[in-house]
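# Sequence plus the predicted model coming up.
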Amino acid sequence: QVQLVESGGGLVQAGGSLRLSCTVSRLTFGTYAMGWFRQAPGKEREFVATISRSDGTTDYADSVKGRFTISRDNAKNTVYLQMYSLKPEDTAVYYCAAKWGLRDPLARKYDYWGPGTQVTVSS
């Protein structure tokens, strides 16, 4: 059974940094694009960032562009989300997801999801 497990969430002050990790098992990692999404209380799940299977091409939501960086290590079956200059509005549960084939910002295109990790940014 495919498993995605996020880690690295927590409580941080505004302006601080966090790095999220997502380790994937029982999946041919190099054939899947990876994405990060988030969901705040009372809001719909929204796209944060995505990275292609092998050449490292990335896309970001406008709200995080210049502050967040997505990367992956195919040898470790892991995708990362480095977050800088965090704001209270970044508070959400962050999910990683895997999509066979090309990267995409649409959550419904993704095949597998992790359980999420909470990020809370205090003002």
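Received the coordinates, thanks.

# Centre-most residue in this protein?
residue 36 (2.3 Å; Cα atoms, centre = their mean).

# What residues does the nearest residue to that residue once chain neighbours are set aside make contact with?
In space, and not counting its chain neighbours, residue 36 is closest to residue 48: 4.3 Å by Cβ to Cβ, 6 or more residues apart in numbering. Using the backbone N, CA and C atoms, a C-beta is placed for each residue, glycine as well. Going by Cβ atoms under 8 Å, 6 or more residues apart in numbering, residue 48 touches 35, 36, 37, 38, 60, 61, 64, 68, 70, 81, 94.

# so where does residue 48 fall, helix or strand?
Assignment of secondary structure by DSSP states H and E places residue 48 within strand 46-51.

# Neighbouring strands - and their directions - for that strand?
Sheet pairing for strand 46-51, assigned by DSSP bridges, gives strand 32-39 (antiparallel), strand 58-60 (antiparallel).

# Could I get the pLDDT score of the residue nearest to residue 36?
We have a pLDDT of 98 for residue 48.

# All the strands of this protein, in order from the start?
3-7, 10-13, 18-25, 32-39, 46-51, 58-60, 68-73, 78-83, 92-100, 112-113, 117-122 (DSSP state E).
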